[in-house]
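Trainee: I'll drop the sequence and a predicted model, then ask my questions.
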Amino acid sequence: MNSDMKIKITKSPTTRIAEVDFTNLPFGRNFADHIFVCDYDNGEWHHPRIEPFHNFVLHPATMALHYGQAIFEGMKASKTHDGVPMLFRPERHAHRMNVSAKRMCMPEFPEDLFVDALSKLIQIDQAWIPEEEGSALYIRPTMIATDEFIGVKPSQSYKFFVFTGPVGPYYPKPVRLWAETEYIRAAQGGTGFAKAAGNYAGALYPAKLAQDRGFDQLLWLDAREFKYIQESGTMNVFFVIDGVTITPPLTGGTILDGVTRSSILEILRSEGKPTSEHPITIDEVVQAYHNGTLQEAFGAGTAAVVSHVSEIGYRDLLMTLPPVSERKIGPHVKAVIDGIRAGVIEDKWGWTVPVAAEELV
Ligand SMILES: *Cc1c(COP(=O)(O)O)cnc(C)c1O
């Protein structure tokens, strides 16, 4: 594997950008002009290239469609206030993609090539980065098994690709979570820590049942006792109880190692605010609710950064949390992360990676 392989660039002769209404950008529906693609077979990655955005032709027996060797990442490029496109902690996403790849018996993708591919793709499609505060260019790195074969075994060939699309400012309403006591998302020894496609398919049905009952998303509990809190949909979860910001630990391999989660913990620790990573039970949350010390709950993920939780349903109990205007931690960490991304708060961690502004070719 030669990871300093040069990316071949074929630019689109036209742009679709004029067809897109940048004043109304629903999440996940618009796609920029280019795609990065790289193929794997005979034990190595080859032909990294950026091409005009296009569809794939897939054989019906393409293994990813049958046995689920499919993983992805989700990240965002934004522009700082002075117009410089930048990525947020891309090397962490590159690493996590490989953690997922390993678990799903897929080949690792060179992390330096991952970051290089993203930088060049963003550079070429930088006109697609929306300028409005809070909006961004969403980036979706993906890897799928491409052997044309029926039978359960690891594929020998794979396709890695990255495409992007502009997304508007995300002002989520506070969410209502249902603590799920019948279905599970992840068990110890399973694939919960991987951003693997099948994890999301398995969650759709229980999430729909909760939505039918008026909740927005699930609060997943552990698979053995339905007692320990895991995470929520595509977000890690935090609780603020009596001034301490608590989130479940990564040990056990049942939750995703969120980049937002880790950034929030680092920010709070650097400010000397008390944090705790410990296995938190739903009973601990209920108890805090009853004795008046449950101050906040929020989800953390790339899409919204922070999603405040307004209510949590658990069995017969509906816990209503204090209004967002009274919260100290969730709004604060969101403002810090947004500020770092916009270049208005000093990035003392080196999380932002600027993408060179000049054209390549
Ligand atoms: C993507 C994801 C998260 C959030 O991770 P970030 O790196 O912060 O975006 C949390 N949980 C699950 C299950 C996810 O898929």
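Mentor: Yep, that arrived. Numbers count the residues shown, from 1 in each chain.

Trainee: what helices or strands is whichever strand or helix holds residue 332 leaning on?
Mentor: In this assignment (DSSP states H and E), residue 332 forms part of helix 330-341. Using 3 or more Cβ pairs under 8 Å, 6 or more residues apart in numbering; DSSP states H and E as the contact test, the elements touching helix 330-341 are strand 85-88, helix 259-270, strand 305-314. Bear in mind the C-beta positions are built from the backbone N, C-alpha and C, glycine included.

Trainee: C-terminal to that helix, which secondary structure element comes first?
Mentor: Once the chain leaves helix 330-341, the next helix or strand it forms, by DSSP H and E, is strand 352-354.

Trainee: which non-adjacent residue is nearest residue 116?
Mentor: residue 7 (6.7 Å; Cβ to Cβ, 6 or more residues apart in numbering).

Trainee: which residues touch that neighbour?
Mentor: By Cβ atoms under 8 Å, 6 or more residues apart in numbering, residue 7 lies in contact with 36, 48-50, 116-117, 120.

Trainee: I'd guessed residue 280 sits against residue 249; true?
Mentor: No: using Cβ atoms under 8 Å, residue 280 is not in contact with residue 249; the gap is 9.2 Å.

Trainee: and these two? which has more neighbours close in?
Mentor: More crowded of residue 280 and residue 249, by other Cβ atoms under 10 Å: residue 280, with 22 against 12.

Trainee: separation between the more buried one and the ligand?
Mentor: 16 Å (Cβ to the nearest ligand atom, to the nearest Å).

Trainee: what separates that residue from residue 288, distance-wise?
Mentor: Residue 280 is 10 Å from residue 288, where distance means Cβ to Cβ, to the nearest Å.

Trainee: One more: residue 264?
Mentor: 19 Å.

Trainee: Which one's more surrounded, these two?
Mentor: Ranked by neighbour count (other Cβ under 10 Å), residue 264 and residue 288 place residue 264 first, with 27 against 20.

Trainee: what sits against residue 157?
Mentor: Going by Cβ under 8 Å, 6+ apart, residue 157 touches 39-41, 145-147.

Trainee: ok, so of those residues, who is nearest the ligand?
Mentor: Closest to the ligand out of those is residue 145 (19.6 Å), distances taken as Cβ to the nearest ligand atom.

Trainee: was I right about the closest one contacting residue 152?
Mentor: No: at 11.3 Å, residue 145 does not count as touching residue 152 under the criterion of Cβ under 8 Å.

Trainee: Residues that sit against both of those two, list them.
Mentor: Listed as contacting both residue 145 and residue 152 by Cβ under 8 Å, 6+ apart are residue 67.

Trainee: Beta-bridge partners for residue 306, please?
Mentor: residue 300 (DSSP bridges).

Trainee: Neighbours of it, how many?
Mentor: With other Cβ under 10 Å as criterion, residue 306 counts 25.

Trainee: how close does the nearest residue to residue 274 once chain neighbours are set aside sit to residue 238?
Mentor: Of all residues not flanking residue 274 in the chain, residue 244 sits nearest, at 4.6 Å (Cβ to Cβ, 6+ apart). According to Cβ to Cβ, residue 244 and residue 238 sit 10 Å apart.

Trainee: In terms of neighbours, single out the busier of these two.
Mentor: Ranked by neighbour count (other Cβ under 10 Å), residue 244 and residue 238 place residue 238 first, with 26 against 16.

Trainee: Let's verify that one: helix, strand, or coil?
Mentor: strand (DSSP: H, G, I helix; E, B strand; the rest coil).

Trainee: Please list all residues in contact with it.
Mentor: Contact partners of residue 238, counting by Cβ under 8 Å, 6+ apart, are 245-247, 261, 264, 296-300, 329-330.

Trainee: got a markdown table for the helices and strands packed on helix 330-341, with mean pLDDT and distance to residue 99 too?
Mentor: As requested, the helices and strands packed on helix 330-341 are exported to a markdown table (pLDDT from 0 to 100; distance: least, Cβ to Cβ, whole Å):
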| stretch | mean pLDDT | distance to residue 99 |
| --- | --- | --- |
| strand 85-88 | 95 | 18 |
| helix 259-270 | 98 | 12 |
| strand 305-314 | 97 | 22 |
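
Trainee: quick one: which of these is nearest residue 354?
Mentor: Among the helices and strands packed on helix 330-341, the nearest to residue 354 by Cβ to Cβ is strand 85-88 (4.7 Å).

Trainee: Within its sheet, name the partner strands of the closest one and how each one runs.
Mentor: Applying DSSP bridges, strand 85-88 is found paired with strand 75-79 (antiparallel), strand 352-354 (antiparallel).
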